[in-house]
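Undergrad: please find the sequence and the predicted model below.
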Amino acid sequence: MTTHALLLLPGDGIGIETIAEVERLIAFFNARSNAGKFVVERDLVGGSAYDAHGVSITDAAMAKALKADAVMFGAVGGPKWDKVPYEHRPEAGLLRLRKDLDLFANLRPAICYPALADASSLKRELVEGLDIMILRELTGGVYFGEPKELVTLENGDRRAVDTQIYTSREIERIAKAAFDLARKRGNKVHSAEKRNVMKTGVLWNQVVTEVHKSYAPDVTLEHILADNCAMQLIRNPKQFDVIVTDNLFGDVLSDEAAMMTGSLGMLPSASLGAPDAKTGKRKALYEPVHGSAPDIAGKGLANPIATIASFGMALRYSCDMGKEADLIDKAISAVLDKGLRTGDIMQPGMTQVGTSDMGKAIEAELRALTV
Ligand code: IPM
Ligand code: MG
């Protein structure tokens, strides 16, 4: 039987509680599924790694991540670490994982479960049945461009610089990934940039156009300015299928898309590298789009659905367990249909549950679906 090596990095805050619910499902599959067994390692990342080792991720944890078939990541950060040196801030651990594993393709699906259409801040008819995929470039752009500095000038003014850089090769590989994704979905790609202001936007637009012509003329491509994209997402989100965009615009647009699904607590993500030329395997990290939510951390209130759905994506993209991934999606949907809600998606007439009761309910649905 195939074994899948998972590295669990719960991190900080509610990451610890939500990854615990993934462990529940790992135990469930290890006990029942014939499709594969999971071998699990754990390590620290973010503030918890800083407290233990003085860095946001150790070289030893990085080595485990490089070896794993998939990394399951919780969340990092919190006010406790607001004053640590910038290079050791909790987020630096996540950024190092993305960069060193070369996880350039970040898939952020925004799906509105029918039961949650009224939990969205948009009207039901705008979001009901919504199924879009934001494909965010994750290893380039302003997140990593140099120089990146905050200096004090001779006259006493302070000056900060971030640098937005993209090469044609970086844009080409994310564009190809977007067209590949679209072919399995609604066959439409919107490419979002700011070519009216930024040189990187001009290049982005050129390269996506070239890749479309040579690689995917069968897919519909539309170019859209990123600010207009933000507006159109609110006006009429269902016009989109795949949105491909850079690291920073993708960060912003995916939070926006998350709210359409009812809560940031609903949105999973997969960060993928290129397939290995020999084995076809790709490095991968799965994480909820939400953060560590320090205000509710440790109280058992967090919504574990985004993290559980991220585990579903790991099954689909790293473990060749598409059937089991579909079951997870069905189980989540069923639990919501039954009216169970964590606080973030609570509505009148529903039953409010905590993190572990939500996890248990999803496990119970899985059990019912697999008998
Ligand atoms: C995300 C987060 C991260 C990002 C933070 C935690 C560094 O907001 O994954 O969207 O900005 O990429
Ligand atoms: Mg973000």
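TA: Perfect, thanks for sending it. Ligands and ions are numbered 1, 2, ... in the order given.
Undergrad: now do the strands in this structure.
TA: Under the criterion DSSP state E, the chain contains strands at 3-11, 37-42, 70-75, 105-111, 131-137, 145-152, 158-163, 188-193, 220-225, 242-245, 268-272, 284-288, 340-341, 351-352.
Undergrad: give me the pLDDT for the residue lying closest to residue 22 once chain neighbours are set aside.
TA: Ranked by C-beta to C-beta, 6 or more residues apart in numbering and with sequence neighbours excluded, the top spatial neighbour of residue 22 is residue 311, at 4.7 Å. Where C-beta positions appear, they are placed from N, C-alpha and C, glycine not excepted. Residue 311 carries a pLDDT score of 98 in this model.
Undergrad: pretty sure residue 311 is touching residue 331, no?
TA: No. The criterion here is C-beta atoms under 8 Å, and residue 311 misses it with residue 331 at 11.5 Å.
Undergrad: more neighbours: the two, which one.
TA: residue 311 (28 against 23; other C-beta atoms under 10 Å).
Undergrad: from residue 144, how far off is that one?
TA: Distance, residue 311 to residue 144, by C-beta to C-beta, to the nearest Å: 27 Å.
Undergrad: the closest residue to ligand 1 within the stretch 1-150 of the chain - how many residues pack around it?
TA: At 3.9 Å from ligand 1, residue 91 is the closest residue in the stretch 1-150 of the chain, using C-beta to the nearest ligand atom. The tally of other residues near residue 91 (other C-beta under 10 Å) stands at 15.
Undergrad: try the one 3 residues further on
TA: Other residues lying near residue 94 total 22 when counted by other C-beta under 10 Å.
Undergrad: need the contact list for it.
TA: 11, 45-46, 73, 76, 287 (C-beta atoms under 8 Å, 6 or more residues apart in numbering).
Undergrad: at 10 Å instead, please
TA: 9, 11, 45-46, 56-57, 73, 75-77, 271, 285, 287 (C-beta atoms under 10 Å, 6 or more residues apart in numbering).
Undergrad: so what's the spatially most central residue of the chain closest to, chain neighbours aside?
TA: The residue lying closest to the centre of the chain (C-alpha atoms, centre = their mean) is residue 269, at 2.4 Å. Nearest-residue entry for residue 269: residue 108, 4.7 Å, with adjacent residues in sequence omitted and distances by C-beta to C-beta, 6+ apart.
Undergrad: was I right to think that neighbour contacts residue 253?
TA: Yes. Using C-beta atoms under 10 Å, residue 108 is in contact with residue 253, at 8.7 Å.
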